[in-house]
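S.K.: need a 3D model of the sequence below.
(6 chains)
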Number of protein chains: 4
Amino acid sequence: MRVFAEHGTDVPVIDDFIRAAGIARGTFYTYFRTTAELLAATSRDLEDRLMVGIEAALADHTDPLQRLATGVRLWLRRAREDQVLCAFVVRSQLRGRLVEDILTRDLRAGHRQGSFRTPGIGVARDLVVGTIREAMARMMTGPVSRHYPDQVAAVILQGLGVESRMIRRLMAMPVPAMPSVLEAQAPVHRPR
Amino acid sequence: MRVFAEHGTDVPVIDDFIRAAGIARGTFYTYFRTTAELLAATSRDLEDRLMVGIEAALADHTDPLQRLATGVRLWLRRAREDQVLCAFVVRSQLRGRLVEDILTRDLRAGHRQGSFRTPGIGVARDLVVGTIREAMARMMTGPVSRHYPDQVAAVILQGLGVESRMIRRLMAMPVPAMPSVLEAQAPVHRPR
Amino acid sequence: MRVFAEHGTDVPVIDDFIRAAGIARGTFYTYFRTTAELLAATSRDLEDRLMVGIEAALADHTDPLQRLATGVRLWLRRAREDQVLCAFVVRSQLRGRLVEDILTRDLRAGHRQGSFRTPGIGVARDLVVGTIREAMARMMTGPVSRHYPDQVAAVILQGLGVESRMIRRLMAMPVPAMPSVLEAQAPVHRPR
Amino acid sequence: MRVFAEHGTDVPVIDDFIRAAGIARGTFYTYFRTTAELLAATSRDLEDRLMVGIEAALADHTDPLQRLATGVRLWLRRAREDQVLCAFVVRSQLRGRLVEDILTRDLRAGHRQGSFRTPGIGVARDLVVGTIREAMARMMTGPVSRHYPDQVAAVILQGLGVESRMIRRLMAMPVPAMPSVLEAQAPVHRPR
DNA sequence: TATGAATGAGGCTTCATTCAT
DNA sequence: TATGAATGAAGCCTCATTCAT
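M.R.: This next block holds a predicted model:
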């Protein structure tokens, strides 16, 4: 993830990975055929870790509005602490399946119960995903205010049609802790 | 632009351009030193055409809210008609200076006069840029409803804190025509 | 043998053998240092089986003309039943010592007693070996008539100067059975 | 041709060719994608030169027996003077279309008019091709007697059923000169 | 004696860049 | 100013070989 993130416009080459991993050229090919394949595996791994962690933290919440508000705040706070994560997500055009599924489900539920008011689910999703991505692009290039994550979450909710008073109340709530232990639980990659 | 747009993850190579342009290898170097230089020139050209066109259409408007609403609608309508444009912008991470300057100016002005209510200009800008970019990513991959551009514009305005009634009024207004003649006026690139 | 035979122009690699044999990479090196060494062992093994079998079938014959006629017929009949054998011999440029020795001895003896009339032993050997090889190349690529082996044997004898009447008589003789048991007796390869 | 011929068991690598040709690595790929492609082109070129030369020398002859006898003698004499040619043909398993076509035509015609007596055209062809190839394999490894080419031609004709007296008469005839100028007329290879 | 992950030398291929015409 | 063959640096990939288990 770090190698992918650190490389700017130019695509990282296999040499970068083997140097970072401290392995031999040939060893790379025992596990991946191309860097694209490695990118896919890394994305999947990242999504697994991050989204599973957030889901665990949201275990108690059932209200879609609260779930979404808390989920976005958790994601952005986590992102703010990790420029590498931001760079990776921004560069890799990550659109994890798990992210899409959970987000869409909550948007739909919130729409049904009248928490969100947008011209459709798709548009709502584009607002959420696009704004978060742009926020990560900003956090990737430099430090931001401690309040930035919640400010972004607030405009997102505002864009979804949530009332100002409710937004203020949601932002006043404490965010649950993300089980950091999950960070270590990297799924083992099976050699090809 | 088409060559840049059509290339997915992998960066296009000089060969792609000379084949598309029907010129000889050496001729490329009469005009550009690298593909990065060509990309910069293409971006600048695109920005010139698009933003100058929108500015021209907004000539009459002075109210920042109206300017922003109309500008976003024009941009998205134009984008909807041109998948290549969308792909190019999404892929090239284009952040034109002109776009940033005009957008920031209008956001600031609108904020000052109370039209927008967000926790800051930066957050507002991230919402606008991120959502538009995501919308273009969607339009890049397939056709969308005729109403999609205005729906996206509506949630953006909602995210900026504009009242629903006002949004409806703005969306009901006709968009001015973009001087299509500009499309043809590709600024001539001077050989280096 | 099958792996060597199936590979066309390109040389087979160790991976091909371990896959075919169902053994691990490292196990190969317990028995052979290189694929060339394996090829040599395979050739020797093949020669042992084939030539020893033919010699056994020729045990009763002492007349060099009859020995040669019968030996060639046996070889070609055996080859006709086994495309893999043909491919292996054609591809490996096999020139077994045993084959050369026995063939040369019979040609010389037949020459001395006036059965063969050629400008020399070497030329005779080239005719026999070259034609048999070419016949195997033909049988390697597809099925041939049941009579093909004997037809090839006939032109070879004709090339050696044997009279037509004698050729007909030789071809009318039944070929002795090759002790098929030998087929199974693969000499055990001693680990290095 | 020289590079292909000089390499023994091991396949020549692109480096061998660029060194022999005195060109840069990349230049190779302007003309050929693989060494196999180069081999094919070289074979075609060789066949063109050699067979066209022999055909020119046979221009006066119409009798299939005389054509075949002279053609084989010319081929073998030419081969005797050029170990590189021999090595190349033996190694490349060359079976040029032109060779096959002309040979088959003459064998068929000779068969029809009773000059050849073999159990079939295919068998006759295998005898001719196989024996010539084996002769070239011999000439490839070392020098042979001045008479060797004609001796080989003689056993081939004998194998085709030509009478001894006739063979002697044919071998006594002088061989026509092969237009050596053709050697220089290498067909130009078009870049891919 | 079998295993198979790790190794790195050797060969392959692309592609930006030059330059004589 | 256009052309396109030639160039060679840079990165890719295979595969023979080792070695700890």
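S.K.: residue ranges with poor pLDDT in chain A?
M.R.: Within chain A, the ranges that satisfy pLDDT under 70 run A:94-95, A:180-192.
S.K.: okay, and the residue of it positioned farthest from its centre sits in which element?
M.R.: Most distant from the centre of chain A: residue A:26, at 32.4 Å, with distances by Cα atoms, centre = their mean. Per DSSP states H and E, residue A:26 falls inside helix A:25-31.
S.K.: which residue comes closest to residue A:164 once chain neighbours are left out?
M.R.: The shortest distance from residue A:164 to any non-neighbouring residue, by Cβ to Cβ, 6 or more residues apart in numbering or on different chains, is to residue A:158 (7.3 Å). Heads up, the C-betas are built off the backbone N, CA and C, glycines and all.
S.K.: isn't the one you found up against residue A:166?
M.R.: No. Using Cβ atoms under 8 Å, residue A:158 is not in contact with residue A:166; the gap is 10.0 Å.
S.K.: more neighbours, those two?
M.R.: A count of neighbours by other Cβ atoms under 10 Å in any protein chain shown puts residue A:158 above the other of residue A:158 and residue A:166, at 23 against 13.
S.K.: mind listing what the more buried one touches?
M.R.: Going by Cβ atoms under 8 Å, 6 or more residues apart in numbering or on different chains, residue A:158 touches A:164, A:167, B:118, B:158-161.
S.K.: hey, which helix is longest across chain A?
M.R.: Determined from DSSP state H, the single longest helix within chain A is helix A:35-57.
S.K.: can that one be said to contact chain B?
M.R.: Yes. Helix A:35-57 reaches chain B (Cβ under 8 Å from any Cβ of the partner chain) through residue A:36.
S.K.: so what touches the next helix or strand after that helix?
M.R.: Next helix or strand after helix A:35-57 toward the C-terminus (DSSP H and E): helix A:64-80. The contact list for helix A:64-80 (Cβ under 8 Å, 6+ apart) reads A:50, A:54, A:57-58, A:61, A:85-86, A:89, A:102-103, A:106-107, A:109-110, A:113, A:115-116, A:128, A:132, A:135-136, A:139, A:144, A:148-150, A:152-153, A:156-157, A:160, A:162, A:166, A:170-171, A:173, A:175-176, A:178.
S.K.: now list the buried members of those residues.
M.R.: Among these, those scoring as buried are A:50, A:54, A:57-58, A:61, A:85-86, A:89, A:102-103, A:106-107, A:109-110, A:115-116, A:128, A:132, A:135-136, A:139, A:144, A:148-150, A:152-153, A:156-157, A:160, A:162, A:170-171, A:175-176, A:178 (criterion: 16 or more other Cβ atoms under 10 Å in any protein chain shown).
S.K.: so what does the helix holding residue A:26 touch, helix or strand wise?
M.R.: helix A:14-21 (3 or more Cβ pairs under 8 Å, 6 or more residues apart in numbering or on different chains; DSSP states H and E).
S.K.: same thing but at 10 Å, please
M.R.: Judged by 3 or more Cβ pairs under 10 Å, 6 or more residues apart in numbering or on different chains; DSSP states H and E, the packing partners of helix A:25-31 are helix A:14-21, helix A:35-57.
S.K.: most tightly packed of these?
M.R.: helix A:35-57 (a mean of 17; mean count of other Cβ atoms under 10 Å in any protein chain shown).
S.K.: hmm, that helix in reach of DNA strand E?
M.R.: No. Contact of helix A:35-57 with DNA strand E (Cβ under 7 Å from any atom of the strand) is absent, the minimum separation being 13.5 Å.
S.K.: now the angle between helix A:64-80 and the longest helix of chain A, please.
M.R.: Interaxial angle of helix A:35-57 relative to helix A:64-80 (axes from the mean of the first three to the mean of the last three Cα atoms, to 10 degrees): 130 degrees.
S.K.: how far does helix A:35-57 sit from the chain's center?
M.R.: Its chain's average C-alpha position is 9 Å from that of helix A:35-57, according to Cα atoms, centre = their mean, to the nearest Å.
S.K.: for stretch A:148-157, same thing?
M.R.: Offset of stretch A:148-157 from its chain centre (Cα atoms, centre = their mean): 15 Å.
S.K.: what's the neighbour count on residue A:81?
M.R.: By the measure other Cβ under 10 Å, the count of residues near residue A:81 is 10.
S.K.: hang on, the earlier thing: buried members of the contacts of residue A:158 into PyMOL, please.
M.R.: To isolate the buried members of the contacts of residue A:158 in PyMOL, using 16+ other Cβ under 10 Å:
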select buried, (chain A and resi 167) or (chain B and resi 118+158+159+160+161)
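S.K.: which one of the contacts of residue A:158 sits closest to chain C?
M.R.: When the contacts of residue A:158 are compared for distance to chain C (Cβ to the nearest Cβ), residue B:159 wins out at 57.8 Å.
S.K.: which ones are touching the closest one?
M.R.: Residues near residue B:159 by Cβ atoms under 10 Å, 6 or more residues apart in numbering or on different chains: A:118, A:127, A:131, A:154-161, B:116, B:118, B:123-124, B:127-128, B:130-131.
S.K.: what sits closest to residue A:98 if chain neighbours are left out?
M.R.: Residue A:98's closest residue in space is residue A:51 (Cβ to Cβ, 6+ apart), at 4.5 Å.
S.K.: does the one you found touch residue A:96 like I think?
M.R.: Yes. Between residue A:51 and residue A:96 there is a contact under Cβ atoms under 10 Å: 6.6 Å.
S.K.: list residues touching both of the two?
M.R.: Common neighbours of residue A:51 and residue A:96 (Cβ under 10 Å, 6+ apart) are A:102-103.
S.K.: for residue A:69, grab the count of nearby residues.
M.R.: Residues near residue A:69, counting by other Cβ under 10 Å, number 29.
S.K.: tell me how many other residues surround residue A:93.
M.R.: 14.
S.K.: how about the residue in chain A that DNA strand E sits nearest to, what does it touch?
M.R.: Closest residue of chain A to DNA strand E, Cβ to the nearest atom of the strand: residue A:26 (1.5 Å). Residue A:26 makes contact with residue A:18 under the criterion Cβ under 10 Å, 6+ apart.
S.K.: the one 10 residues further on too?
M.R.: Neighbouring residues of residue A:36 by Cβ under 10 Å, 6+ apart: A:11, B:8-10.
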